[in-house]
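*Asks:* Sequence plus the predicted model coming up.
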Amino acid sequence: LDWCRVEFDHGMFEPEKGKFSWDNREMRILYRWLDYCQSRDVDVYLTEMWPDVKWLVHKNFMGDGVKELLSAPNDFNAWSDGLTKLLVYLINEKGYTCIKWLSINNEPHEVWSWWKKADGSSQDIIDGLIIMKKKIEAEKLPVSLVATDGPIKYEKSAVEKYIPHIGALSFHDYGATYDWWKDKPFIADNVDAVTIFKKLGRDHGDLPVFMAEFGTMMFGFTKDTNAPSQWRSMLHDVQMMIRYSQAGIDGMNRWSLTNMGNLDGQWQLIDTWDTTHRCLTDNVTPHINAYYGIGLMTRFTAKNSDVLKTTVTGANDTILFERYNHSKDTVRRVFASTFRKGGNYSIYITNDSENEYPLELSLEKINITGSVYLYAINEKEHEGKTDLKIEPIAEIKGQKIIIGVIKPKSLMVFTTHKLENNDKGIIQ
C-alpha cells in the first residue's frame, strides 16, 4: 500500500454551519487511517464522498433520507469554507503531509450522482472545483484537486473544462469486461481510454491519471454476493492493473480495503465484519482471492516506479473482438508489465485462460545483477483459500532467459525483492 483513497463526509467534522467537531468517533477513525499513511509514507487521495449533513441539504430534499444523502451543497461558499478548514486542520495542525490529493465528490454527473441540484438533476462539480482551488491556493496548502472521480469516459471533451482547476485526472472502472466476454466495454476499450487521457494530461503540464476505484461487476454486484471477489473477478482486476500500467496509469485504488461486504457485493480485501451477527469480527482475516491477487500486485511495487514497456508475443486465442472504434483484434490471454525502482525490478504476468502456455522470459534488456525470485498463485491450487503463505517458489540466478510455464488462471511475479510471508511490502 503506497497510494490510498481515504473517504469521509462533511457531516463528520462540521455538523452545524461554522461549528466544527475534531474529536468525535468518526474523526478519530479518520486520524487512525491518516496516522497509518503518514508513518508509512503512503500518499493519500482524500475524498469527500458527499456532504450528508442537514444544514447543506436543499430544503425540498429535507425529510427524505435518500435525497438528503444525494444533495449537493445548498451553499457553495459555506461548504468550501468548511472543507478548507478541514484541510488546514489536518495538514497544518495535525501535520498530515501525506495528504496529496483532494476529490470534492464521489461519482458526480451520473444518474445516481451524489451531488444533486434542488431540481433532482446532477450538479456539475465545476463550481466546486473553482471555489476550492481559490481557497486552497489562498491557504498555500500542498494539495491538488482531481476530476471527475467518476466512471471512465471515452472522449477527452468529457473532462477538458476541468483541466485549469485540477492537478490530476481521475476515474472509476467497474464496467470493463474481459476481451473475450459477450458485453462491452472490453478492457481493451478502457486501455484505449487511459491512453487518451494520458496524452491529455501530458499536454497540460503532465497531469497524472488515476483510477481511484476499480473492480468488476461483470459477474454480479447485488447485496452480499461474492461475485466481486471470485477468482475470475480477482484475475480480471489483476489484468486491469497490468494493462493499465502499460497504458500509463499513475495510480490505482481497488475499492475497498475494508467493507462490510453486504452492499453491492463483497468488495473488501480483508474481512472485519460478521455479516451474520452484524458486528466487528474478533480478528482481521484475508478475504478470499482478492486479498492475495491484489496483494501480490502491490507487495513488490515501490512508489513512483518506472513502468517499462513489456512485450508479449503468442498466447493468442482464436476469438476476434471488436473495439468501440470498430477495429477488430484477436483476443490475447497473457499480459505482462514491468516495474523498476532503482536497481530493483518486478515483472507481473497473468493468464486468464484455461490453457497453460510456455514461458520464455527475456531479461536481456534490463540490468539485473543478482537473483530473481518467483511468486505465483493459480486457481487450481489457491482458489478460495485464506491461509496462503506467500513465499518465494524459486530463486533464479544469472539467467537472462527464464524458461517455464504459465499456468491456467494464474498470476506470476518475477522480482528482485526477496520477501518472506511476514515481511512488509515494498513502498520506497
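*Replies:* Thanks, I have it.
*Asks:* the helices in the stretch 1-150 of the chain, which residues?
*Replies:* For the stretch 1-150 of the chain, applying DSSP state H, counting those that start in this stretch gives helices covering 25-39, 65-70, 76-87, 126-138.
*Asks:* Contacts for the shortest one, please.
*Replies:* Yep, that's helix 65-70 we're talking about. Residues outside helix 65-70 that contact it (CB atoms under 8 Å, 6 or more residues apart in numbering) are Trp50, Asp52, Lys54, Val57, His58, Phe61, Met62, Ser113, Trp114, Trp115, Lys116. C-betas here are computed from N, CA, C, even on glycine.
*Asks:* Can you add pLDDT and distance to Lys385 and give the residues you listed back as a markdown table?
*Replies:* Below are the contacts of helix 65-70 laid out as a markdown table (pLDDT from 0 to 100; distance: CB to CB, whole Å):
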| residue | pLDDT | distance to Lys385 |
| --- | --- | --- |
| Trp50 | 96 | 37 |
| Asp52 | 95 | 38 |
| Lys54 | 97 | 46 |
| Val57 | 98 | 46 |
| His58 | 98 | 49 |
| Phe61 | 97 | 47 |
| Met62 | 97 | 49 |
| Ser113 | 94 | 39 |
| Trp114 | 91 | 36 |
| Trp115 | 95 | 41 |
| Lys116 | 97 | 43 |
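*Asks:* Select from these the one having the most neighbours.
*Replies:* Using other CB atoms under 10 Å as the neighbour test, the contacts of helix 65-70 are led by Trp50, with 26 neighbours.
*Asks:* Going by neighbour count, which residues of stretch 267-285 are buried?
*Replies:* Using 16 or more other CB atoms under 10 Å as the test for burial, stretch 267-285 gives Trp267, Gln268, Leu269, Ile270, Asp271, Thr272, Trp273.
*Asks:* Next step: the residues you listed restricted to strands.
*Replies:* Ile270, Asp271, Thr272, Trp273 (DSSP state E).
*Asks:* quick one: which of those is nearest Ile390?
*Replies:* Using CB to CB, Ile270 is the member of those that lies nearest Ile390, at 14.8 Å.
*Asks:* Next up, the contacts around Gly215.
*Replies:* Taking CB under 8 Å, 6+ apart as the criterion, Gly215 is in contact with Asp173, Tyr174, Pro228, Ser233, Asp237, Arg254, Trp255, Trp267.
*Asks:* which residue sits closest to the residue nearest in space to the middle of the chain, ignoring its sequence neighbours?
*Replies:* Central residue of the chain (CA atoms, centre = their mean): Asn253, 1.5 Å from the mean position. Once flanking residues are discounted, Asn253 sits nearest to Arg5: 4.4 Å by CB to CB, 6 or more residues apart in numbering.
*Asks:* Count the neighbours of that neighbour for me.
*Replies:* The tally of other residues near Arg5 (other CB under 10 Å) stands at 22.
*Asks:* And it, how far from Asn105?
*Replies:* The gap separating Arg5 from Asn105 is 13 Å, by CB to CB, to the nearest Å.
*Asks:* Quick check: which ranges of this structure have low pLDDT?
*Replies:* Residues of the chain that meet the criterion pLDDT under 70 are absent altogether.
*Asks:* which stretch of helix or strand covers Asn421?
*Replies:* Assigned by DSSP states H and E, Asn421 belongs to neither a helix nor a strand.
*Asks:* thought it was touching Lys389?
*Replies:* Yes - with contact defined as CB atoms under 8 Å, Asn421 counts as touching Lys389 (4.6 Å).
*Asks:* ok, back up a step: list just the nearest of the buried residues of stretch 267-285 to Thr330.
*Replies:* Closest approach between those and Thr330, by CB to CB: Trp267, at 32.0 Å.
*Asks:* Enumerate every residue touching Ala78.
*Replies:* Neighbouring residues of Ala78 by CB under 8 Å, 6+ apart: Lys17, Gly18, Leu56.
*Asks:* Filter those residues down to the buried ones and express that as a ChimeraX selection.
*Replies:* Burial among these is assessed by 16+ other CB under 10 Å; the matching ChimeraX selection reads:
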select :56
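*Asks:* Closest one of the contacts of Ala78 to Ser80?
*Replies:* Leu56 (11.0 Å).
*Asks:* quick one: contacts for that closest one?
*Replies:* Taking CB under 8 Å, 6+ apart, we find Leu56 in contact with His10, Ser71, Pro73, Asn74, Asp75, Ala78, Trp79.
*Asks:* In strands only, show me these.
*Replies:* Using DSSP E, none of the contacts of Leu56 sit in strands.
*Asks:* farthest-separated two in those?
*Replies:* Longest distance between any two of those is 13.6 Å, between Ser71 and Ala78; criterion CB to CB.
*Asks:* For the nearest residue to Tyr36 once chain neighbours are set aside, give its distance to Asn367.
*Replies:* Computed as CB to CB, 6+ apart, the closest residue to Tyr36 that is not its neighbour in sequence is Val42, at 7.2 Å. For Val42, the distance to Asn367 (CB to CB) stands at 29 Å.
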